[in-house]
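Participant: 3D model of this:
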Amino acid sequence: MGAVQVTYAFRQSTNLMHRRPTLACLLGRILTVILLANLVFFGLVVAVQNEPSTMAARIRTAFQSGELGIKDYLLFDRRRGWHQYNDCTVLQMISNRDSSRLARALAPRIYYRNADWTNQCAVLRGLIVDGLNPDSLFMMRYARYWHGNNVVAAFALQGMELASLRRMLSIAVWLGMAMLALVAGRAGSYVRRAGFTISLVAATVWAVPYFGPGLTHAPGDALLLVGLATFAAWSRRTVDLGAIVLYAAAFGASVVFFEMLTGQLLIAAAWLGALTLAAGRDKGHTASFAGPGLALAAMVAFALSAVATGISKQIIAIVFVEPHAGTAFLSQLGLYMGLPEQGTTKLGIARPFVRLAHESRMLTFGNSAVGYGLLATTALAWLLAAVRGWKERRTEHGRDVLFLTIVALTPAAWVFLLPNLTYIHATFIVRILVVPISLVLLALCWPREQPIDDAA
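Facilitator: Numbers count the residues shown, from 1 in each chain. Predicted coordinates for the structure are as follows:
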């Protein structure tokens with residue numbers, strides 16, 4: 001009788017250990033992660049020394065050497081990067097003097113010459129090299145983002161020139177891709193296929209040569225890839241809903257730290273969903289909660305954490321530095337969520353889609369014909385995958401394929417939510433198209449067999 005009771009107690013304790021956490025428990029974990037992450041971010045932006053005189057010296061050297069110029073955009077420049085506008089914006093924020101370190105960290109000053117914010121590199125040169133009086137320009141406090149990119153630039157430029165920093169950033173992005181592929185190669189069948197597909201697409205059609213040297217794109221790209229590689233390395237362990245939600249929340253907050261609405265949030269969430277689905281399938285029926293449900297839970301936790309982290313930054317800025325930060329943020333968000341000006345055409349919501357298609361050449365090294373062909377091939381492949389998934393919807397394989405094809409459409413949701421942002425910044429937002437390209441390819445090569453867990 002005693003042995004029976006001991007056996008029963010052991011089974012009950014085992015069931016409790018593997019019992020799926022409640023919704024309240026999951027939300028509590030997400031909130032805890034958000035709180036801790038924002039405390040870390042606050043500490044980082046305040047602690048990093050961005051001595052204006054040192055930053056100004058680096059900038060003057062960059063202008064003298066040709067590493068910086070007065071053009072805001074350098075078409076298909078592999079050495080300096082395409083998005084010089086953002087680079088000059090970051091360099092100005094970390095070199096402008098302010099009343100306190102807290103103000104420089106949470107709501108740095110940014111000067112501009114005209115209402116449409118053009119010629120920012122020329123403004124930077126005027127301020128740092130030509131001795132332009134800041135009082136002759138317009139000024140605002142740029143509190144919309146966490147500006148983790150400023151932290152990286154300010155820290156690195158203390159010990160190196162801009163040219164060296166750009167090389168290091170490019171190397172970090174390429175190493176991130178290599179790390180994901182290497183780690184995925186040691187994982188289960190599904191994660192291996194997902195990791196290889198993501199790495200392949202990132203290396204070929206993510207325009208890394210033009211954005212790898214960028215001060216605002218590269219840190220987030222590298223973090224995104226390292227985050228996915230870390231998850232892939234961890235996927236051999238038992239898939240646990242509570243643990244994955246924790247990881248997704250931390251990942252979402254970290255991406256926001258470097259995000260400036262450049263599309264990395266969408267890409268990270270979609271690729272995390274694909275890897276989570278793969279990890280669940282590699283564990284087969286031993287997983288506590290596998291399949292599209294697990295992947296969707298990870299994506300939801302990622303999104304909740306990302307939104308909360310963005311809101312937290314606005315609250316912190318309002319409390320400590322800039323009372324109007326929230327109003328400015330909402331005003332800019334409203335602009336981005338509006339429709340583009342019609343001009344001579346009447347395409348409406350279709351305009352940002354057309355603009356993205358036009359800028360697909362960014363993904364194909366400047367070749368527009370190949371860019372259009374890439375989009376057409378992806379559309380046909382998506383249709384094939386969707387039909388295949390629908391025909392097999394009653395099977396595990398079919399449901400997985402359908403899930404991947406649905407997630408592949410998330411760029412369309414981005415465009416509908418932020419049409420004006422997409423239209424204005426299509427030359428770099430076009431990078432979100434790596435989501436359908438990679439996930440459609442993954443859906444078509446999604447394995448049918450149930451793999452044997454190597455870790456079992």
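Participant: for the helix of greatest length in the chain, buried residues please.
Facilitator: Longest helix in the chain, counting residues (DSSP state H): helix 292-320. Residues of helix 292-320 classed as buried under the neighbour-count rule (16 or more other CB atoms under 10 Å) are 292, 294-306, 308-310, 312-314, 316-318, 320. No exception for glycine: its C-beta is placed from N, CA and C like everyone else's.
Participant: any stretches of the chain with poor pLDDT?
Facilitator: 1-20, 237-239, 284-290, 342-346, 449-456 (pLDDT under 70).
Participant: separation between the residue minimising distance to the centre of it and Ala122?
Facilitator: Central residue of the chain (CA atoms, centre = their mean): Gln264, 2.2 Å from the mean position. Gln264 is 28 Å from Ala122, where distance means CB to CB, to the nearest Å.
Participant: could you do Ser100 as well?
Facilitator: Counting by CB to CB - Ser100 and Ala122 are separated by 28 Å.
Participant: higher neighbour count, the two?
Facilitator: Ala122 (17 against 11; other CB atoms under 10 Å).
Participant: quick check: closest non-adjacent residue to that one.
Facilitator: Among residues not flanking Ala122 along the chain, Ile70 sits closest, at 4.3 Å (CB to CB, 6 or more residues apart in numbering).
Participant: could you tell me how many residues sit around that neighbour?
Facilitator: 15.
Participant: that one in helix, strand or coil?
Facilitator: Secondary structure, DSSP: H, G, I helix; E, B strand; the rest coil: Ile70 is coil.
Participant: for it, give me its contacts.
Facilitator: Ile70 makes contact with 119, 121-122, 125, according to CB atoms under 8 Å, 6 or more residues apart in numbering.
Participant: looking at those, which are in helices?
Facilitator: Reading helices off these with DSSP H, I get 121-122, 125.
Participant: now the residue lying closest to Arg58 once chain neighbours are set aside: how far from Trp146?
Facilitator: Excluding the flanking residues, the one nearest Arg58 by CB to CB, 6+ apart is Leu157, at 4.8 Å. Distance from Leu157 to Trp146, counting by CB to CB: 19 Å.
Participant: who's more crowded, these two?
Facilitator: Trp146 (27 against 24).
Participant: so that one belongs to a strand, correct?
Facilitator: No. Using three-state DSSP, the assignment for Trp146 is coil, not a strand.
Participant: pretty sure it contacts Val255?
Facilitator: No. Trp146 sits out of contact with Val255 when judged by CB atoms under 8 Å, with a separation of 10.4 Å.
Participant: my guess is Leu265 contacts Ser254, does it?
Facilitator: No. Leu265 is not in contact with Ser254 according to CB under 8 Å; the separation is 10.9 Å.
Participant: can you tell me the SS state at Leu339?
Facilitator: Per three-state DSSP, Leu339 ends up coil.
Participant: tally of neighbours for it?
Facilitator: By other CB under 10 Å, the residues close to Leu339 number 13.
Participant: how about the nearest residue to it, chain neighbours excluded?
Facilitator: Pro419 (5.6 Å).
Participant: ok, now Val191?
Facilitator: Val191 sits nearest to Ala278 (CB to CB, 6+ apart), 4.5 Å away.
Participant: after whichever strand or helix holds Arg193, which helix or strand is next?
Facilitator: Using DSSP states H and E, Arg193 sits within helix 189-205. Note on helix 189-205: by DSSP H and E, the next helix or strand toward the C-terminus is helix 208-211.
Participant: which strands or helices does the helix or strand following that following helix pack on?
Facilitator: Toward the C-terminus, helix 208-211 is succeeded by helix 218-234 as the next helix or strand (DSSP H and E). Where contact means 3 or more CB pairs under 8 Å, 6 or more residues apart in numbering; DSSP states H and E, helix 218-234 is packed against helix 148-156, helix 162-185, helix 189-205, helix 208-211, helix 241-258, helix 264-282.
Participant: would you map the helices across the stretch 351-456 of the chain?
Facilitator: 368-391, 396-407, 410-417, 419-424, 426-429, 434-444 (DSSP state H, counting those that start in this stretch).
Participant: need the contact partners of the second one.
Facilitator: Where contact means CB under 8 Å, 6+ apart, the residues beyond helix 396-407 that reach it are 270, 273-274, 277, 281, 291-292, 295-296, 299, 382, 385-386, 388-393, 435, 439-440, 442-443, 446, 448.
Participant: I'd like to know which of these are buried.
Facilitator: Judged by 16+ other CB under 10 Å, buried ones among the contacts of helix 396-407: 270, 273-274, 277, 281, 291-292, 295-296, 299, 382, 385-386, 388-389, 392, 435, 439-440, 442-443, 446.
Participant: domains in this protein, by residue range?
Facilitator: 47-155, 340-449 (automatic domain parsing).
Participant: please tell me how far the shortest one is from the chain's geometric centre.
Facilitator: Domain 47-155 has its C-alpha centroid displaced from the chain centroid by 22 Å (CA atoms, centre = their mean, to the nearest Å).
Participant: measure it end to end?
Facilitator: 10 Å (CA to CA, to the nearest Å).
Participant: wait, doesn't the residue nearest to Leu339 sit right on Arg351?
Facilitator: Yes. The pair Pro419 and Arg351 qualifies as a contact (CB under 8 Å) at a distance of 7.4 Å.
Participant: give me the common contacts of these two.
Facilitator: With CB under 8 Å, 6+ apart, Pro419 and Arg351 have common neighbours 339-340.
Participant: Phe329: which element?
Facilitator: With DSSP H and E as criterion, Phe329 is part of helix 325-337.
Participant: tabulate the helices and strands packed on helix 218-234 in a markdown table, adding columns for distance to Asn367.
Facilitator: Output for those, formatted as a markdown table (distance: least, CB to CB, whole Å):
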| stretch | distance to Asn367 |
| --- | --- |
| helix 148-156 | 30 |
| helix 162-185 | 22 |
| helix 189-205 | 11 |
| helix 208-211 | 14 |
| helix 241-258 | 30 |
| helix 264-282 | 22 |
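Participant: nearest to Ala369, out of those helices?
Facilitator: helix 189-205 (14.6 Å; CB to CB).
Participant: what are the contacting residues of that closest one?
Facilitator: 174, 177-178, 180-181, 183-185, 187, 208, 225, 228-229, 232, 235, 271, 274-275, 277-279, 281-282, 363-364, 374, 433-434, 437-438, 441-442, 445-447, 449, 451.
Participant: send the alpha carbons of that helix over as CSV?
Facilitator: Taking Å, rounded to 0.1, in the frame of the first residue of the first chain, the C-alpha atoms of helix 189-205 are listed here in CSV:
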residue,chain,number,x,y,z
SER,A,189,15.9,17.9,-38.5
TYR,A,190,13.2,20.7,-38.5
VAL,A,191,15.4,23.3,-36.7
ARG,A,192,18.3,22.5,-39.0
ARG,A,193,16.1,23.1,-42.1
ALA,A,194,14.6,26.3,-40.7
GLY,A,195,18.0,27.7,-39.6
PHE,A,196,19.7,26.9,-43.0
THR,A,197,16.8,28.5,-44.9
ILE,A,198,16.8,31.7,-42.8
SER,A,199,20.6,32.0,-43.1
LEU,A,200,20.6,31.4,-46.8
VAL,A,201,17.9,34.0,-47.5
ALA,A,202,19.6,36.5,-45.2
ALA,A,203,22.9,36.0,-46.9
THR,A,204,21.6,36.5,-50.4
VAL,A,205,18.6,38.8,-50.5
